[in-house]
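Q: Sequence and predicted structure below; questions after.
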Amino acid sequence: MATFTQTTIANPLDFDLHGTLAGYWVAVLRVVTGYWFLHSGITKFAFVSGEPFSAQGYLVNVGASSPIQGFLVWAGQTPWMVEFANVMVPVGEALIGLGLVVGALVRLASLFGGVLMTFFYLGNASWAHGFVNGDLMGLLLFVTLGVLGAGRVLGLDAVLEQTRLGQTRAAKYLLG
């Protein structure tokens, strides 16, 4: 006689980090990473260098070793792409940082932070000392925060998940 055993796998989006040392460490990583991006976005708005932020110089002067050099040069020579980058880089950095600092929509913020860090990593391509650099470390931080749902520990995502809207399947992907 054959028996059928079904094993249920826990929801891969649920990590219980509350009250653990790992949970508090993830919260520290979230706040520090958030501050890093919030500060970066705000200083681009504040014209710290005396000049308004412009992505054009970065885009058209990207190094030849960059695997996405052609795309970035095209973007730097396309007026609407330059204007889009001039607005979205500082706004995106500030909003991503704010979301991480307060722990709200952490998975969504981490996704967009990862996208920005991927562009920074591939665009900078400063691999003279190897492929591991600060941009890659930033990308790994965003991936870690998104995977572990860092907003659930000392963040607003823990509060948002208790609401009716927070119980939806889509919210599980955005919150955490």
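A: Here it is on my side, so go on.
Q: Residue 29 contacts residue 151, correct?
A: No - if you go by C-beta atoms under 8 Å, residue 29 and residue 151 don't touch, sitting 11.8 Å apart. C-beta coordinates here come from the backbone N, C-alpha and C atoms, glycine included.
Q: which one of the two has more residues nearby?
A: Using other C-beta atoms under 10 Å, the more surrounded residue of residue 29 and residue 151 is residue 151, with 32 against 16.
Q: Which residue comes closest to the most centrally placed residue in the chain once chain neighbours are left out?
A: Of all residues in the chain, the one closest to the mean position by C-alpha atoms, centre = their mean is residue 113, 2.0 Å from it. Distance criterion C-beta to C-beta, 6 or more residues apart in numbering; nearest residue to residue 113, sequence neighbours excluded, is residue 142 at 4.1 Å.
Q: And that neighbour, its phi and psi?
A: With angles defined as degrees, to the nearest 10, residue 142 sits at phi -60, psi -40.
Q: count of neighbours near it?
A: Neighbour tally, residue 142, other C-beta under 10 Å: 24.
Q: Check the one 3 residues further on too.
A: When neighbours are defined as other C-beta under 10 Å, residue 145 has 26 of them.
Q: Now it: which helix or strand?
A: helix 134-148 (DSSP states H and E).
Q: Which residue ranges of the protein form strands?
A: Using DSSP state E, the chain contains no strands.
Q: which residues of it score low on pLDDT?
A: Applying pLDDT under 70 to the chain flags the ranges 1-18, 47-50, 176.
Q: so where do the helices sit in it?
A: With DSSP state H, the ranges of helices along the chain come out as 21-45, 56-60, 69-77, 79-102, 106-124, 134-148, 156-160, 169-174.
Q: Comparing these, which comes out most buried?
A: Highest mean neighbour count among those (mean count of other C-beta atoms under 10 Å): helix 106-124, with a mean of 21.
Q: So which elements touch it?
A: For helix 106-124, the packing partners by 3 or more C-beta pairs under 8 Å, 6 or more residues apart in numbering; DSSP states H and E come out as helix 21-45, helix 79-102, helix 134-148, helix 169-174.
Q: of all the ones you listed, which lies closest to residue 64?
A: helix 134-148 (17.6 Å; C-beta to C-beta).
Q: tell me the angle that closest one makes with helix 79-102.
A: For helix 134-148 against helix 79-102, the angle by axes from the mean of the first three to the mean of the last three C-alpha atoms, to 10 degrees is 60 degrees.
Q: Quick check: which helices or strands does helix 134-148 pack against?
A: helix 21-45, helix 106-124.
Q: Next, the angle from it to helix 21-45.
A: 130 degrees.
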